[in-house]
Each structure stands twice: as C-alpha cells, then as structure tokens.
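*Asks:* Predicted coordinates and the sequence they were generated for:
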Amino acid sequence: MTEERKRPPTMQDVAERVGVSRITVSSVLNDRKPGIRVSEDTRRRILRAAEEMSYFPNEIANSLKRGATDTFGFLNVGGLLSSEDEFTAKIIGGLVDGSVKENKDLLIHRSLSGMDLRRSLLGGKIDGLVLHAQGDAAVLDLLSKSHLPIVAIVDAIAQFPSIVSDDYGGGKLLAEHFADRGYHRVLYRRKRLEIVSSRRRFEGFMDAAGVLGLNVTVIAFDEDSDLDPREAAFLSDAVNYPCVVTGWRDLSLAPVARYCRDEGLRTPQDVAMAGFDGLTGQFDLPGVLTTVVAPWAEVARTAASVLAAAIRGEEVARETIVPVHLRIGDTT
C-alpha cells in the first residue's frame, strides 16, 4: 500500500499555528498591505513558522493579483537556438544579465506558431517579449496585434522598437580598412535571401567602396553552400592579382578559407579576408580573422532595459543602434 502524498502547507495552516489571521500572514510573507500593522514579534513568529513548515507564497497567484509575472520572454523565430552556437550564447547571456538588472526572470521559448504561440506568449506567462525574427509574416502579424510589449533585436522590425548593431557603419569600416591596406580588388559574398542586417551591411560597404574607388565583385550565395564557380574563378587569379574577400558575416568566409587551403593560396598575401560579427571560433583560419565586432551581449542587455521601460509605459525609441568596432587580425 503506497503512502498517501503529503498535502503541501497553506497560508491558513501558518495562520493557525501562529494564532493570527490569514490576512496578517499574507501581509508579512508578501510584504504588502501597508495599512496592516504587525508587531515585530508576530512578524518573526510568522516567518519562523513558514520556514519550519516549508511554506512559500504562491507566486503564480500573486502575479495574477498584480497583473504582472516579473518575467521577460525570448523568442528566436526560425533561427538556431543552441548553447553551442556562439551568437546564441552571447544573446542569451546578455538577456540574462539584463533581466537580472531589471529584477526579472527570463523564459526562453522554442520557435512556435498558431495556438502554441498564443498559449505560450499571449497567455499571461510573461510581461514582455524580446524577439529575434527574420521576417516570419504570420508570427509578426499575430504578435503585432497583441497588447504584449515587444522589442526586436539584431534585425530591425518595423512594428516594434528594435535594438540592433550598427550594421551600416560596420560595412563602411570594412571598406575603409581595405582602402587603407591598399586592397582594390574585392569579392563581396552577399546573402541571397537577405535580412535587414545583411542588407544594411552591404549598403554601408558599397556606399563607402564607391567613394574610395574599390573594384567590388558581388556574388550572392546560399547559406551552407560551397563556392560558386564564379567565386573560384575570381580567387584563382589571386596569385597574380591579390584580393580581399568579405561577406555579411564571419561564417560567410568558411568556404573561402577551405578553398584557399586546398589550392595553396596564402592569407593574407594572396587572398585577404575580413568578416562581420566578431564570432571567429566557427571555422579554421590561418590566423586571427579581421572582423567588425558586433557586441551582441550588449545588444541583448540594452533590449532588456528597453523592454522594461516599455512595460512601465515609458516612451522608447523606435530603433536603438549599438556601436561596433573593427578588430584587425592577421588576415588583412
């Protein structure tokens, strides 16, 4: 015969042990009801009884009464959500830091749609949402119609206040660095299915390249694909005509690094390389990659601060741009 499960203690149990009303116990344990006066001796007895009985106030019930959960949500729509991914780790680390600073918990959601999305995000579990989305129209439409405070990060979304890195300015930094180094023959690997950040980086680079007189060959590519034959042809001339290769993010250069290694091309003497993001631990390189560092943890911390302000009903900027900087390595 199994032992009957022990009933958890209630606030009424604590009140009966101490010999006071339930309202008095609630006032002490929830630190509310300032109009109720409780002696220091009674307060100590209530706290001691609650500890001895292992009683804790029901935070869910308290949140319903207050209309707040003290919890931020984070949703990454259509992207990788893995602690082994350097970008994700920086974003989540920054959100944790920002949530702690705002005295909030953080609830991380898997990619959702339809009823699951409504239940998880709009069902009262969170006070506001930090959103990383790359154009999922159905999700954005649903969220934009809700009353939930939402801020977007990394890629700006017109419907919500957005916290982003200075993508346009970072693109200009790369072009200026190439000109300073004396490179004029450039291959730019452009993301075929563009997102806001990749488009801004490209625009910043091309605007500066035009002013600086760089000769830029632009080739669109699909993620996780090998080099296009046109790219291989471009690189095959590098022994006689040194060049520099860049793209919308550091990982765009992985196929280039493999090609150079296989073909015996030297970096940076034959083929120089520079990326964007500052996430350089993702593939093998003959040295330290020159890259525009986007401070993703700071972007996330800023998002938590902006979300807290929005929840309080304060007016927030439609877009907050976090500065980037160029980190010069061995590849240029």
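*Replies:* Great, that's in hand.
*Asks:* Low-confidence ranges, the stretch 1-150 of the chain, go.
*Replies:* For the stretch 1-150 of the chain, the stretches flagged by pLDDT under 70 are 1-6, 31-35, 56-67, 78-81, 111-123, 135-137.
*Asks:* Helices along that one, start to end?
*Replies:* 11-18, 22-29, 40-52, 59-66, 86-101, 114-121, 137-144 (DSSP state H, counting those that start in this stretch).
*Asks:* now for the third one, which elements pack on it?
*Replies:* Helices and strands touching helix 40-52, by 3 or more Cβ pairs under 8 Å, 6 or more residues apart in numbering; DSSP states H and E, are helix 11-18, helix 22-29. From N, CA and C alone the C-beta is placed, and that goes for glycine too.
*Asks:* Pull out the buried residues from the last one.
*Replies:* Under the neighbour-count criterion of 16 or more other Cβ atoms under 10 Å, helix 22-29 has 24, 25, 26, 27, 28, 29 buried.
*Asks:* Repeat that for the first one.
*Replies:* For helix 11-18, a neighbour-count test (16+ other Cβ under 10 Å) marks 11, 13, 14, 15, 17, 18 as buried.
*Asks:* Pop the domain breakdown of this structure in here.
*Replies:* 11-57, 71-165+297-322, 167-293 (automatic domain parsing).
*Asks:* And the longest one, end to end?
*Replies:* Read it as domain 167-293. Taking Cα to Cα, to the nearest Å, domain 167-293 runs 10 Å from one end to the other.
*Asks:* picking that back up, out of the helices of the stretch 1-150 of the chain, nearest to residue 229?
*Replies:* Among the helices of the stretch 1-150 of the chain, the nearest to residue 229 by Cβ to Cβ is helix 86-101 (29.7 Å).
*Asks:* C-alpha coordinates for that closest one, PDB please?
*Replies:* Extracted C-alpha coordinates of helix 86-101, given in PDB (Å, rounded to 0.1, in the frame of the first residue of the first chain):
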ATOM      1  CA  GLU A  86      28.500  31.500 -30.200                       C
ATOM      2  CA  PHE A  87      25.900  34.000 -31.400                       C
ATOM      3  CA  THR A  88      23.100  32.500 -29.400                       C
ATOM      4  CA  ALA A  89      25.200  32.100 -26.300                       C
ATOM      5  CA  LYS A  90      26.100  35.900 -26.400                       C
ATOM      6  CA  ILE A  91      22.400  36.900 -26.900                       C
ATOM      7  CA  ILE A  92      21.100  34.700 -24.100                       C
ATOM      8  CA  GLY A  93      23.900  35.700 -21.800                       C
ATOM      9  CA  GLY A  94      23.200  39.400 -22.400                       C
ATOM     10  CA  LEU A  95      19.500  38.800 -21.800                       C
ATOM     11  CA  VAL A  96      20.200  37.000 -18.500                       C
ATOM     12  CA  ASP A  97      22.300  39.900 -17.400                       C
ATOM     13  CA  GLY A  98      19.800  42.500 -18.500                       C
ATOM     14  CA  SER A  99      16.900  40.600 -16.800                       C
ATOM     15  CA  VAL A 100      18.800  40.300 -13.500                       C
ATOM     16  CA  LYS A 101      19.500  44.000 -13.600                       C
END
